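Asker: could you work out the structure for the sequence below:
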Amino acid sequence: MISISQFHFNSLDSTQDKAFELIESGKSLPFYVTADELAKLRGRRGRSWEYEKGNSLAFSLAIQIATHKLPGLSLVVGLALANYLRHLPIQLKWPNDLMWLDKKVGGILIESRIQSSQAQVVIGIGANCFDLKNSNYRGIGRKLEAAKIAAAVLEQINLLEQKDLSFFKPEYEKKMWKINETVEMEIDGRYQSLILRGISEQGELLIENGGKLQLNSTGEICHAE
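Answerer: Numbers count the residues shown, from 1 in each chain. Model (predicted):
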């Protein structure tokens, strides 16, 4: 297993924010940040992330990566998580959710600070280990260790640095949630019924709209929580 430095705290508002603070203070990358108590977890588009101590895992992995690798990063991280949880038929909801039996069981948040050809990136990883008491979020039924997940993700990221996203595309599409099915998508504030056809070699979503194939990088696939 890859060895990665850990910074653990009793209580934090956000492991994402703390990770960026540690980067600014000069800590060597990569590392990951954990906490016993978390107050403010955020997801994609500023949403909050449901978290219950004892039932949830949430941590942040800080890395440095070539800027041109950023477009496919969340997809590769998702694939790493799905492979790590291979005892379950995990599917990947583009671009950053883990699904099991049509329920969200995990999510990824990518935040970056670009410095020319290199980017400092903090990857927030959240997963429901067990069913949450105060919501209808499903758990995967086992406890998860941040150290092992961070190592599995970093191993996949190291491979991304050597390969193009096209290398991961076939495996991602095998695990892709609702591929070749009609879904509701929100694009630029409008809801449309579209067919998911896969991903491009740059990580964009390939959709079929009225018989025509299109690429989309900003829309969101809708689903019931």
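
Asker: buried sites along the longest strand seen in the chain?
Answerer: In the chain, assigned by DSSP state E, the strand with the most residues is strand 103-115. Using 16 or more other C-beta atoms under 10 Å as the burial criterion, the residues of strand 103-115 that qualify are 103-112. For glycine as for every other residue, the C-beta is placed from the backbone atoms N, C-alpha and C.

Asker: repeat for stretch 213-224
Answerer: Buried residues in stretch 213-224 (16+ other C-beta under 10 Å): 216, 219-221.

Asker: and which of these is nearest to Thr34?
Answerer: Using C-beta to C-beta, Glu220 comes nearest to Thr34 of the buried residues of stretch 213-224, at 28.7 Å.

Asker: grab the nearest non-local neighbour of the closest one.
Answerer: Distance criterion C-beta to C-beta, 6 or more residues apart in numbering; nearest residue to Glu220, sequence neighbours excluded, is Glu186 at 4.9 Å.

Asker: let me see the contact set for Glu52.
Answerer: By C-beta atoms under 8 Å, 6 or more residues apart in numbering, the contact list for Glu52 reads 132-134.

Asker: out of those residues, who's the most crowded?
Answerer: Comparing the contacts of Glu52 on neighbour count, Leu132 comes out first with 16 neighbours (neighbours: other C-beta atoms under 10 Å).

Asker: could you work out the end-to-end span of stretch 62-79 for me?
Answerer: Across its full length, stretch 62-79 reaches 18 Å end to end, with C-alpha to C-alpha, to the nearest Å as the criterion.

Asker: stretch 200-219 now?
Answerer: 15 Å.

Asker: likewise for stretch 65-84?
Answerer: 22 Å.

Asker: on that earlier part again, can you redo the buried residues of stretch 213-224 as JSON lines with distance to Gln192, secondary structure and pLDDT?
Answerer: Shown next, in JSON lines, are these (distance: C-beta to C-beta, whole Å; DSSP: H, G, I helix; E, B strand; the rest coil; pLDDT from 0 to 100):
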{"residue": "Asn216", "distance to Gln192": "10", "secondary structure": "strand", "pLDDT": "94"}
{"residue": "Gly219", "distance to Gln192": "8", "secondary structure": "coil", "pLDDT": "91"}
{"residue": "Glu220", "distance to Gln192": "11", "secondary structure": "strand", "pLDDT": "93"}
{"residue": "Ile221", "distance to Gln192": "11", "secondary structure": "strand", "pLDDT": "95"}
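
Asker: which of the residues you listed lies closest to Leu92?
Answerer: Proximity of the buried residues of stretch 213-224 to Leu92 (C-beta to C-beta) peaks at Ile221, which lies at 11.0 Å.

Asker: list the beta-bridge partners for the closest one.
Answerer: The partner list for Ile221 in beta bridges (DSSP bridges) reads Met185.

Asker: touching, it and Leu92? I think so.
Answerer: No: with contact defined as C-beta atoms under 8 Å, Ile221 does not reach Leu92; the gap is 11.0 Å.

Asker: how many other residues sit next to Gly210?
Answerer: By other C-beta under 10 Å, 8 other residues sit near Gly210.

Asker: output the contacting helices and strands for the biggest helix by length in the chain.
Answerer: Secondary structure assigned by DSSP state H gives helix 146-162 as the longest helix of the chain. Judged by 3 or more C-beta pairs under 8 Å, 6 or more residues apart in numbering; DSSP states H and E, helix 146-162 is in contact with strand 31-38, strand 56-66, helix 73-84, strand 118-128.

Asker: after that helix, which helix or strand is next?
Answerer: Downstream of helix 146-162, the next assigned helix or strand under DSSP states H and E is helix 169-174.

Asker: perfect, I'm done here.
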